[in-house]
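Enquirer: Structure, please.
(one chain, ligands or ions: 1)
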Amino acid sequence: MSTFPAPNSTAPTGEVAARATGLSKVYGAGETKVVALDQVSVAFRRAEFTAIMGPSGSGKSTLMHCMAGLDTVSAGSARIGETELTSLSDKRLTQLRRDRVGFIFQAFNLLPTLNALENIRLPMDIAGRKPDKEWLDRVIATVGLSDRLRHRPAQLSGGQQQRVAVARALAGRPDIIFGDEPTGNLDSRAGAEILGFLRNSVRELGQTVVMVTHDPVAAGYADRVVFLADGRLVDDMPDPTAERVLEHMKRFDAKGRLS
Ligand SMILES: Nc1ncnc2c1ncn2[C@@H]1O[C@H](COP(=O)(O)OP(=O)(O)OP(=O)(O)O)[C@@H](O)[C@H]1O
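Expert: A predicted model of the protein is given here:
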């Protein structure tokens, strides 16, 4: 197995949206102890689209949850920008997630009684923040929802519902957006659309996106793929294509070890 320090884990702070340093996460104790993350160091640069890949149980979701302030850390550091998450109170963590982080999940998690625009604005309304109208218009245009804003989720296709979720994540202009298998519930055409929008949000709107995926085609839309195995960062591929990601996966066994 090739374990090495991630080349850009030392990238200058100003260019980094989020950074893990020596990040470890242990669940349970004694016989049930699981080391989900083992001293992971990785930096996610601003205005970059990163995919996190690795076999089932390799720690992808745990890394994302620790970096997004959704889970506590056992050792090491997790930062969003300059903010060290491990030293924040629960209240401050909640504020940080609300104000500085966007989320896109496999299940679209829209409120059925609200229309598309209301869903998009909901996190900002809850936070009592006024949306920047010009930004919101750009986001809505980027995801192609301008003519569906008054529709409720039930009146939208799965792909359109996920577009609403993407717009909702972008609306507050967060420091970073985390996606957990955002195309896992979509057919390949709708999935390709969503991935195209995520890529455009990085290229055209300067957003930062980190996405967990099992799908080499989805990873091919990213600017970079980091591979986890057994809770460690084992590879870092710039400018991936679906073919190269697939080739890489074939070289590793089910546990992500070089076979
Ligand atoms: N709440 C928890 N309690 C105990 N063990 C956990 C918990 N969450 C995750 N784990 C364990 O931590 C390890 C990493 O899990 P994680 O969900 O991060 O992997 P993953 O790469 O996202 O897997 P998948 O691709 O199957 O979603 C696994 O061995 C898992 O069983």
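
Enquirer: When you work out contacts or count neighbours from here on, use the C-alpha atoms and nothing else.
Expert: Noted.

Enquirer: quick check: mean pLDDT across stretch 144-153?
Expert: Averaging pLDDT along stretch 144-153 yields 94.

Enquirer: Let the chain start at 748 from now.
Expert: Noted, 748 is the first residue going forward, which turns the last one into stretch 891-900.

Enquirer: what sits up against that stretch?
Expert: Contact partners of stretch 891-900, identified using Cα atoms under 8 Å, 6 or more residues apart in numbering, comprise 857-864, 887, 907-908, 910-911.

Enquirer: give me that answer again for 10 Å
Expert: 855-867, 884-888, 902-903, 907-911, 914, 940, 944 (Cα atoms under 10 Å, 6 or more residues apart in numbering).

Enquirer: If the most centrally placed residue in the chain is in a bridge, with which residues?
Expert: In the chain, the centroid-proximal residue (Cα atoms, centre = their mean) is F925; its distance is 2.2 Å. In this entry, F925 is beta-bridged to F850, V957, by DSSP bridges.

Enquirer: which ones are touching it?
Expert: The neighbourhood of F925, defined by Cα under 10 Å, 6+ apart, consists of 797-798, 811-812, 814-815, 848-852, 916, 955-959.

Enquirer: before we move on, what about G804?
Expert: Counted by Cα under 10 Å, 6+ apart, G804 has contacts A783, L975, A976, D977, G978, K1002.

Enquirer: ok, the second one to M814 distance?
Expert: Note on L975: its distance to M814, by Cα to Cα, to the nearest Å, is 15 Å.

Enquirer: Next: the third one.
Expert: Summarising the geometry, the distance separating A976 from M814, computed by Cα to Cα, is 18 Å.

Enquirer: Which one's more surrounded, the two?
Expert: More neighbours surround A976 than the other of A976 and M814, with 27 against 24 (other Cα atoms under 10 Å).

Enquirer: ranges for the strands of the stretch 848-997 of the chain?
Expert: Listed in chain order, the strands of the stretch 848-997 of the chain (DSSP state E, counting those that start in this stretch) span 848-851, 923-927, 956-959, 971-976, 979-985.

Enquirer: would you list those strands in CSV and tack on mean pLDDT and distance to the ligand?
Expert: Shown next, in CSV, are the strands of the stretch 848-997 of the chain (pLDDT from 0 to 100; distance: least, Cα to the nearest ligand atom, whole Å):
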stretch, mean pLDDT, distance to the ligand
strand 848-851, 94, 15
strand 923-927, 95, 9
strand 956-959, 97, 8
strand 971-976, 96, 8
strand 979-985, 95, 11
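
Enquirer: Put together a markdown table for the ones you listed, with distance to E762 on each row.
Expert: Formatted as a markdown table, the strands of the stretch 848-997 of the chain follow (distance: least, Cα to Cα, whole Å):
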| stretch | distance to E762 |
| --- | --- |
| strand 848-851 | 17 |
| strand 923-927 | 12 |
| strand 956-959 | 14 |
| strand 971-976 | 15 |
| strand 979-985 | 17 |
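
Enquirer: thinking again about what came up before, in helices, which of the contacts of stretch 891-900 appear?
Expert: 863-867, 884-888, 907-911, 914, 940, 944 (DSSP state H).

Enquirer: circling back: buried only: go through the contacts of G804 for me.
Expert: The neighbour count (16 or more other Cα atoms under 10 Å) marks A783, L975, A976, D977, G978 as buried among the contacts of G804.

Enquirer: With adjacent residues omitted, what lies nearest to the second one?
Expert: Translated: L975. Leaving aside its sequence neighbours, L975 sits nearest to G801 (Cα to Cα, 6 or more residues apart in numbering; 4.8 Å).

Enquirer: so the one you found sits right up against L993, yeah?
Expert: No. Using Cα atoms under 10 Å, G801 makes no contact with L993, being 11.6 Å away.

Enquirer: between the two, which one's more packed in?
Expert: More crowded of G801 and L993, by other Cα under 10 Å: G801, with 27 against 16.
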